[in-house]
Structures are given as C-alpha cells and as structure tokens.
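Enquirer: Next come a sequence and a model predicted from it.
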Amino acid sequence: MHTLVAAFSALAERFSDVWLLVVGDLEPHRGQLDARTLQTLSTHPRIRRVPFTDQIERCYAAMDLLTLPTRREGLPYVLLEAAALGVPVVATRVTGCVDAVVDGETGLLVPPDDPDALRAAIEGVLSNAGLAQRLGQAARERVERAFSADRLIEAHLALYAAVRGSGGQVG
C-alpha cells in the first residue's frame, strides 16, 4: 500500500483530476502500514475508500485504470475481472500478476516496491487514451480466450485425464 500511496501522491501533485479509489477492507493490513501511509489514506481529499462490496462492477465502471502493486499473489482475480471489463491495468512484476498480464500488451508491469516506476506507468496509461484503449481491449480478448469458463473446464479435464493416465502419479 505504501508504494501505491507514494505513487498516487506524486501523481496528485501534478494532475488535479486524478483520484484514488481503494477497494477492500484495510483493517487486516493496518499493522503492516506505516503511519504516513495511514495518514494519507485517511486524510487525502482525493482518496476514496470503499469497504468490501458485492457490487464490484460499479467500482470498475468508475475506474480509468486498475493498479495492483503487490509483492506476491496467487492468480489475482482482480486483474482478470478488470481485464474482462476492458479496464487497463498496471501491476507489479511478481508471480501471479505475470500470469494475468502480458507486459506491454494487456497491461503494464513494474518492479515491486518502486513508487516511481508505478507512477510513471500509471501516468503513461492515463495520459495516452489510445494506449489505455489498446491495453484494455487486448486484456479483454485474452481473458475471453484464455480464462473463460469453457477454457478452464477444458484445462481441468485435461489435468484429470493426465493424472488418471499416470495411475495417479503426479510429477
């Protein structure tokens, strides 16, 4: 969260129309956040926090871009959901995110814990409508092709067949 808040703070100084929407409950992570980050999250006039919601599509509709500056992830569904809706993404180059985002094609990947790289990538997408549209469209097409329910069922059936054919031995 520190990386995101630092990148946003730099963007907010340069652009009067940039806002940060933080979706989800911060309480479980509060102990991991430094005092300055917590203060900024609580007091910055252009940061809005939305607790857990079952109407997440309304949040995506409000976004020009989604960013996930994480240090580690499984397969981050938030990136796939954004992609399915054509929302361009900027994420960190870590396990999980690299499976969901093809850098430069379906989104942008930056090093973890690098607020300057995150800020530059966000600024690049927000200042180039053509790039934002291309990334969002390519991401949507990739999600439909690679992560659709039919594709996931096919992959699971192939895995089951491989395990069954090996007598249950994996690896």
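Expert: Right, received. Where do you want to start? Fair warning: this is a prediction, and the values are worked out from it, not measured in the lab.
Enquirer: alpha carbons only for contacts and neighbour counts from here, please
Expert: OK.
Enquirer: With adjacent residues omitted, what lies nearest to residue 53?
Expert: residue 24 (7.6 Å; C-alpha to C-alpha, 6 or more residues apart in numbering).
Enquirer: Hmm, residue 52 and the one you found touching each other?
Expert: Yes: the pair residue 24 / residue 52 is scored as a contact, 4.6 Å apart, by C-alpha atoms under 8 Å.
Enquirer: now residue 31: how far from residue 48?
Expert: 20 Å (C-alpha to C-alpha, to the nearest Å).
Enquirer: more neighbours, those two?
Expert: residue 48 (14 against 10; other C-alpha atoms under 10 Å).
Enquirer: what packs against the helix or strand encompassing that one?
Expert: Taking DSSP states H and E as the definition, one finds residue 48 inside strand 47-50. Judged by 3 or more C-alpha pairs under 8 Å, 6 or more residues apart in numbering; DSSP states H and E, the packing partners of strand 47-50 are strand 20-23.
Enquirer: Could you identify the helix or strand that succeeds the strand it packs on?
Expert: Using DSSP H and E, the first helix or strand after strand 20-23 is helix 35-43.
Enquirer: residue closest to the middle of this structure?
Expert: The centroid of the chain falls nearest to residue 68 when counting by C-alpha atoms, centre = their mean (3.6 Å).
Enquirer: wait, doesn't that one sit right on residue 88?
Expert: No: taking contacts as C-alpha under 8 Å, residue 68 lies outside contact range of residue 88: 11.3 Å.
Enquirer: Strands along the protein, start to end?
Expert: 20-23, 47-50, 66-68, 89-92, 108-110 (DSSP state E).
Enquirer: show me what contacts residue 52?
Expert: 23, 24, 25 (C-alpha atoms under 8 Å, 6 or more residues apart in numbering).
Enquirer: Excluding residues flanking it in the chain, which one is nearest the first one?
Expert: I take that to be residue 23. residue 50 is the one closest to residue 23 (C-alpha to C-alpha, 6+ apart), at 4.8 Å.
Enquirer: what's the spacing between that neighbour and residue 3?
Expert: 19 Å.
Enquirer: Would you mind telling me which of these two has more residues around it?
Expert: A side-by-side neighbour count of residue 50 and residue 3, using other C-alpha under 10 Å, places residue 3 first with 19 against 13.
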